[in-house]
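# Pasting the sequence and the predicted model now:
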Number of protein chains: 4
Amino acid sequence: MATEVGFIGLGIMGQPMALNLIKAGYKLTVYNRTASKAEPLKTAGATVASTPAEAVKNAEFVVSIVSDTNAMEEVVTGKGGALETLRPGAVWIDSSTISPVFSVKLSRLMGEKGAKLLDAPVTGSKHGAEKGELLFMIGGEDDALKKAKPLIDVMGKKFIHLGGNGKGLSCKVSMNAILATQLLIFCEAILLAKKAGVDPQQFLDVMQSSFARSHLVDFKAPFIFKGDFTPFFPLGLMHKDLSLALENAYANNVPMPTTAAVKEVFGAGKAQGKGDLDIGAVITVLEDLTGEKVRVSNPSS
Amino acid sequence: MATEVGFIGLGIMGQPMALNLIKAGYKLTVYNRTASKAEPLKTAGATVASTPAEAVKNAEFVVSIVSDTNAMEEVVTGKGGALETLRPGAVWIDSSTISPVFSVKLSRLMGEKGAKLLDAPVTGSKHGAEKGELLFMIGGEDDALKKAKPLIDVMGKKFIHLGGNGKGLSCKVSMNAILATQLLIFCEAILLAKKAGVDPQQFLDVMQSSFARSHLVDFKAPFIFKGDFTPFFPLGLMHKDLSLALENAYANNVPMPTTAAVKEVFGAGKAQGKGDLDIGAVITVLEDLTGEKVRVSNPSS
Amino acid sequence: MATEVGFIGLGIMGQPMALNLIKAGYKLTVYNRTASKAEPLKTAGATVASTPAEAVKNAEFVVSIVSDTNAMEEVVTGKGGALETLRPGAVWIDSSTISPVFSVKLSRLMGEKGAKLLDAPVTGSKHGAEKGELLFMIGGEDDALKKAKPLIDVMGKKFIHLGGNGKGLSCKVSMNAILATQLLIFCEAILLAKKAGVDPQQFLDVMQSSFARSHLVDFKAPFIFKGDFTPFFPLGLMHKDLSLALENAYANNVPMPTTAAVKEVFGAGKAQGKGDLDIGAVITVLEDLTGEKVRVSNPSS
Amino acid sequence: MATEVGFIGLGIMGQPMALNLIKAGYKLTVYNRTASKAEPLKTAGATVASTPAEAVKNAEFVVSIVSDTNAMEEVVTGKGGALETLRPGAVWIDSSTISPVFSVKLSRLMGEKGAKLLDAPVTGSKHGAEKGELLFMIGGEDDALKKAKPLIDVMGKKFIHLGGNGKGLSCKVSMNAILATQLLIFCEAILLAKKAGVDPQQFLDVMQSSFARSHLVDFKAPFIFKGDFTPFFPLGLMHKDLSLALENAYANNVPMPTTAAVKEVFGAGKAQGKGDLDIGAVITVLEDLTGEKVRVSNPSS
């Protein structure tokens, strides 16, 4: 008989992750705040629940990937929340990028119900989710991870167990601080080069032939050169993740002056209404100020 | 008969570059502010000059790589400076990382003597210089570059012609803003992860398996993990380069909030007396504040 | 018969505020996490409670001033928390500097019990609290404020009603961002002047004769010149307040690049173990880096 | 017979300063790059020179106030520059805000001609210049200052002698870092308060009743509330002064993280084309991002 899985959060990442679990033979009961997003899953054979409580009540495993800490709090402890019905013995794989401190708190609440939480945020965007090639950063107990491994193997190609509860998220928010900063410094630097008369494609060629090479820039530069900001990773979510990194830094007494500066530029992009565009749109925050655009007619890939 | 080359500046990079030119058959007259550094070159067959003017007076080509804008100003326009004797028709390859704006001014002064300047800063550290594998970013006129190409081919493995005078330097200072920032954000992020309980080696493994991968970090992380700050690229010079990037940004009206924040942290390192250590020592600025060190006993390479 | 007041939080500010209420004839039941701090109040005639619930159960008014959002959450919603016994009709004056967003949430929870919350943070340090000369920034409903006015008049010399719940705190966290920044920029500027050879007292004289004059600096400079960092306003609390300002900026989509940079320097001070020193100790974060101290043997006041 | 004074630079500040000297009986020969600006001085009795050399050739004193370091370099060392004709014994009062390091260099060049330089930047805007109420920050030798005192007394109401050459400027650039930062943090804080629902006039009232009171804000807030950015002190010049402060910090090894962040926001304003507006226009850089304006219909003064 198929293993029952409650799946909560059907956004850009959640949709393909849930579909991959269905394809692998799991029996899913799904929940999403905006119900319409559950349609493709219903078509694929999932049961649709109207509350988190309903989604998890028979579940041996729960997988969640929601937008932020508040959403996760609501899902777990709100009215109709998962804590009302969560089964003893259940293992909850939370792939949301939320506050590490809050996740530790959740793991205690779930522990009181006899369930175990793994914080299991992922790297890799929409594509990685579709292909089941995500990389999971995992915090939580060994035995819970052992049980959850088959599901993780379906959704991802690799996982790293980083320690107890919250360690996966602590790794993740630091990682995203790196990504956001690598992207923004590329934008600052190439815009300066362009305004000083250097061709952007040549600048990129030098950069990628040198120690400054960045895999993120390999991927993002062609989109930036075309001004194509179709969201793989929305700017607003990156702003949230930068906030989480600084919140974690506050909790751990680590000064992060670069991260702090970077966050405000992403925040400026969100304030300009670009929160739903791809993170690459952060270049437009600077472009709007300088009246110069970094565009290349035929970017070489 | 061997082509005469004036070579000015015999520091970490200049020494091996000059030696490679001698090996390739050029006749070098060398000058260095601190005369003792000229000894190895003398041994290798170079003539040692006591002023820049003397070093360049018979030279068809001049190669220079000095520490900063002031040093270059002194070399060219100071008493006993190169402008006093520079030959019409000479081509000057300046690999110093100095102010792009000032380099353009120098090209005009040299032009009045009938000589031509190429701004030709390099990427690649000491190793690259030794192996003749530098990457040259070149600004200046086509015909000057054509003449200089054989020398550049001896010292480097690749060059990119980025446009008129100053464009090589504009590319370089932007590039170094990227390098400094990639390094510092890695330091901030891994220190946070460590204080939050994540193992640094595991953190690095996740990072280098993901889009956050940075070639600079590939190279620097093992040294940082060992606390080995033997200078490949001194922190003080990077601080200077960040200043140059911001000076260029000022001249070109480009806001660079990330670069500005990063520069102050490198500046803090220099203020602490770490200017002669490797750029990797920037992590100690943060470590000193947090009382936590990012060290790994047996870093995997 | 004397009005019953529950008073929670007996730190630097809470102690004198509570004493002033007792002197004015109110009947206080006090609670503090660290029980020993309640002794002086007991001596002055207060009843000492062992939980927040006990402190507020007969109270017509509650006054609280605790260290941060988590502490306030514990006081109100924790086990033995005030919500268990809070009387309908009670008015709660919370002078803690906590998250404006969280305070609005608390006002809803209290509203469900028929009680009303005023967020009522104060400016003015220990001295102001002792003399009853605090300035209250108040958010909440008119009728609640009308009832609470007599108590506020005892503790302060002025109050400003800024609007509905959370507005007092939104004003306060912005205000403290200004204070922290005025202080830090003074430190940066005077340290630069000193290292460049300018006498600090003369620098201060010029500053305070000009448009740059700051009342905060009037007060703090003599202590900084003496290196006296006895806490009036602890650096760690200011770091918390800067975090709250940025949290509020996140919630309201306002980029605050200056505040973000300032917060990291206060954070560095806290990471160095200076969280319990006065905010003036932020200068030592910079001094430690530069090896230069801004000290004046006989500061003129 | 009237004392001969060469006066160079007839901008917002220079015009009224020169007029005050004429009124006091000095015989002026004036020079300005844009000749038309000399008209009002000609009308008032000044001789108009066509080069700096011509302006200073008979001068016992020279007063200059030009826009930046490059302009001053051109005036002194350029073709037709003042060094060509400067008389031995002349005292040069330079009120330009330029690089302290460069000013020291100029003092050496003038010294070789037997002349003496005072760096004598001023605080106080256009109004102060008109009323002869400027505050002079002076670097240079005692005897030169003694000779120059009568002229300074005409143009200003107070001066402070801060030490040898460059000290006046070192004081000034630090001072302007304070002014720029006080202004920007006020803008960040009040914009946050406004977006969070606090009335700007009330916010200002709280601020100016508290330790956060700033004299600069007293003066600027009414203009900001009206959106009136008529230049008293142009934003572009403040951006330049922030650059000078950071250049001085670089030379003196002082990290200035706040100043660095502030400079980039002023730089963003200049990049947006607001360099000729008053510094108060820096608020619009933030307003443009947030879609919220801090305006008050009837600001109380």
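Perfect, I can see it now.
# In which helix or strand does residue A:29 reside?
Here residue A:29 sits within strand A:27-31, counting by DSSP states H and E.
# mean confidence for the helix or strand following that strand?
Downstream of strand A:27-31, the first helix or strand assigned by DSSP H and E is helix A:39-43. Rounded to a whole number, the mean pLDDT of helix A:39-43 is 95.
# chain center to helix A:39-43, what's the gap?
22 Å (C-alpha atoms, centre = their mean, to the nearest Å).
# repeat for stretch A:276-283
15 Å.
# Give me the buried positions along it.
Using 16 or more other C-beta atoms under 10 Å in any protein chain shown as the test for burial, stretch A:276-283 gives A:277, A:278, A:279, A:280, A:281, A:282, A:283. In this view, the C-beta of every residue, glycine as well, is placed from N, C-alpha and C.
# Spell out the secondary structure type for the fourth one.
When the structure is split into helix, strand and coil by DSSP: H, G, I helix; E, B strand; the rest coil, residue A:280 lands in helix.
# List the residues that contact it.
Contacts for residue A:280 were tallied using C-beta atoms under 8 Å, 6 or more residues apart in numbering or on different chains; they are A:183, A:220, A:223, A:224, A:228, A:229.
# go again using 6 Å as the cut-off
A:220, A:223, A:224, A:229 (C-beta atoms under 6 Å, 6 or more residues apart in numbering or on different chains).
# What's the local residue count around the third one?
Close neighbours of residue A:224, defined as other C-beta atoms under 10 Å in any protein chain shown, add up to 28.
# Which helix or strand contains it?
With DSSP H and E as criterion, residue A:224 is part of helix A:215-226.
# so what does that helix touch, helix or strand wise?
helix A:167-195 (3 or more C-beta pairs under 6 Å, 6 or more residues apart in numbering or on different chains; DSSP states H and E).
# in the helix it packs on, what counts as buried?
In helix A:167-195, counting by 16+ other C-beta under 10 Å, buried: A:167-195.
# doesn't residue A:158 fall inside a strand?
Yes: under three-state DSSP, residue A:158 falls within a strand.
# Contacts for stretch A:133-152, please.
Contacts for stretch A:133-152 (C-beta under 6 Å, 6+ apart): A:61, A:91, A:93, A:116, A:118-124, A:128, A:155-163, A:165-168, A:171-172, B:206, B:210.
# From one end of that stretch to the other, what's the distance?
Using C-alpha to C-alpha, to the nearest Å, the end-to-end distance of stretch A:133-152 comes to 10 Å.
# buried ones in it?
For stretch A:133-152, using 16+ other C-beta under 10 Å, the buried residues are A:134-141, A:144-145, A:147-148, A:151-152.
# mean confidence for that stretch?
pLDDT averaged over stretch A:133-152 gives 97.
# other SSEs contacting the helix or strand following the helix holding residue A:224?
Per DSSP H and E, the first helix or strand lying C-terminal to helix A:215-226 is helix A:235-252. Counting contacts by 3+ C-beta pairs under 6 Å, 6+ apart, helix A:235-252 is packed against helix A:167-195, helix A:257-271.
# so how far is helix A:235-252 from its chain's centroid?
With C-alpha atoms, centre = their mean, you get 12 Å for helix A:235-252.
# How about stretch A:24-33?
19 Å.
# Which positions in the stretch 1-150 of chain A make contact with chain B?
A:123, A:135, A:137 (C-beta under 6 Å from any C-beta of the partner chain).
# Including secondary structure, could those residues go into JSON lines?
JSON lines is the format used below for the residues of the stretch 1-150 of chain A next to chain B (three-state DSSP):
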{"residue": "A:123", "secondary structure": "strand"}
{"residue": "A:135", "secondary structure": "strand"}
{"residue": "A:137", "secondary structure": "strand"}
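# Of those, which is the nearest to chain D?
For the residues of the stretch 1-150 of chain A next to chain B, the residue nearest chain D by C-beta to the nearest C-beta is residue A:123; the value is 29.2 Å.
# How about the closest one: which residues does it bridge to?
Beta-bridge pairing of residue A:123, defined through DSSP bridges, involves residue A:135.
# neighbours of it, just the number please.
In terms of burial, residue A:123 registers 23 neighbours under the definition other C-beta under 10 Å.
# what's the spacing between residue A:244 and chain C?
As judged by C-beta to the nearest C-beta, to the nearest Å, residue A:244 and chain C stand 11 Å apart.
# Likewise for residue A:101?
In terms of C-beta to the nearest C-beta, residue A:101 sits 10 Å off from chain C.
# Am I right that that residue is in a helix?
Yes: counting by three-state DSSP, one finds residue A:101 located in a helix.
# Model confidence score at the residue nearest to it when sequence neighbours are not counted, please.
The shortest distance from residue A:101 to any non-neighbouring residue, by C-beta to C-beta, 6 or more residues apart in numbering or on different chains, is to residue A:251 (5.5 Å). Note on residue A:251: pLDDT of 96.
# is it true that residue A:198 lies in a helix?
No: counting by three-state DSSP, residue A:198 is not found in a helix; it is coil.
# ok, it - contacts?
B:162, B:167, B:170, B:171.
# Please consider this matter closed, and thank you.
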